[in-house]
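S.K.: here are the coordinates; sequence isn't available:
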C-alpha cells in the first residue's frame, strides 16, 4: 500500500513538473523538447542509458525484492534485480471475482488465472542473465517468450511493451544489466494453474 502511494505521489509530481516545464519559452518552441531528449540520450553511455530505462520502466518494482525497513517496505538493494527469493514457492490462492491477482510480500511473485509467476534474476550471475547474450535478450523481449523460444513470459511482466523498444534501447538495457553486481539466486519456476490440462507425452 505504501509503495503504491509513493508511486502515485511520484507520478503526480512528474505530471506537475511536465505541465510547469511546458510553460517555459524554450519548450514552447516546436521540437525543442524532443531535440533536448535526443541530445541527452546521445550523451549517455549505453550502460547509463540502460540504467535510465530500467529505472523509469519500473523493473525494480518486481525484480528487486522488498524488505521491511524502519518506515515500512523498501527495496532490498543488496539484492538489486535478483528476482524472487530462491525457495519462496507460493501456493496459488483461491481468488473470487472481482479479485484478479495476488502478490507476495516481496512483490516478486504473482498469482492469477495464468498460474504463479516469479520474477527472474536479471543480474549477470549464472543463475540470472550470466549465460545470456545480447541477441537472446532482444529475441526474448521481442517474442515475449523465455529465451526467445520457450514458454510465454507471464504476467505481470510487460513483455509486449518492452518489446516495442528500439534495438539500441534494448541493447542499452542489456548492457546495464550486465554491469550490475551479480547476485546468486535461482527464483522458483513458473507454476501453471492447478486446473491446467496435463500435456500428453
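M.R.: Sure, I can see it. In this text, all values refer to a predicted model and were calculated from it rather than measured experimentally.

S.K.: Mean pLDDT per helix and strand in this protein: which one sits at the bottom?
M.R.: Least confident helix or strand, the chain: helix 2-21 with a mean of 40, by mean pLDDT, DSSP states H and E.

S.K.: Nearest residue to the middle of the chain?
M.R.: Nearest to the geometric centre of the chain sits residue 59, at 2.6 Å (CA atoms, centre = their mean).

S.K.: ok, so what distance separates it from residue 96?
M.R.: To residue 96, residue 59 is 31 Å away according to CB to CB, to the nearest Å. All C-beta spots, glycine's among them, are computed from the backbone N, C-alpha and C.

S.K.: cool, residue 108 as well?
M.R.: Counting by CB to CB - residue 108 and residue 96 are separated by 24 Å.

S.K.: Compare these two and say which is more crowded by neighbours.
M.R.: More crowded of residue 108 and residue 96, by other CB atoms under 10 Å: residue 108, with 25 against 5.

S.K.: what sits against that one?
M.R.: Residue 108 sits next to 62, 63, 64, 65, 66, 83, 84, 85, 88, 118, 119, 187 when contact means CB atoms under 8 Å, 6 or more residues apart in numbering.

S.K.: and the nearest residue to the fifth one once chain neighbours are set aside, what helix or strand is that in?
M.R.: Going back to what we said before, that points to residue 66. Computed as CB to CB, 6 or more residues apart in numbering, the closest residue to residue 66 that is not its neighbour in sequence is residue 73, at 4.4 Å. In this assignment (DSSP states H and E), residue 73 forms part of strand 72-75.

S.K.: Which phi and psi values does residue 109 adopt?
M.R.: Main-chain torsions, residue 109, degrees, to the nearest 10: phi -130, psi 140.

S.K.: Give the bridge partners for it, please.
M.R.: residue 118 (DSSP bridges).

S.K.: Cross-check the contact I'm expecting between it and residue 118.
M.R.: Yes. Look at residue 109 against residue 118 with CB atoms under 8 Å: they come within range, at 4.9 Å.

S.K.: Which neighbours do the two have in common?
M.R.: 84, 188.

S.K.: low-confidence ranges in this protein?
M.R.: For the chain, applying pLDDT under 70 flags the ranges 1-41, 195-201.

S.K.: just the strands in it please.
M.R.: 66-69, 72-75, 102-103, 109-112, 115-118 (DSSP state E).

S.K.: Out of those, which gets nearest to residue 166?
M.R.: strand 115-118 (26.5 Å; CB to CB).

S.K.: quick check, distance from the closest one to the centre of its chain.
M.R.: What separates the centre of strand 115-118 from the centre of its chain is 15 Å, taken as CA atoms, centre = their mean, to the nearest Å.

S.K.: which residues does the residue nearest to residue 179 when sequence neighbours are not counted contact?
M.R.: What sits nearest to residue 179 in space, not counting adjacent residues and going by CB to CB, 6+ apart, is residue 47, at 5.0 Å. By CB under 8 Å, 6+ apart, the contact set of residue 47 is 172, 175, 176, 179.
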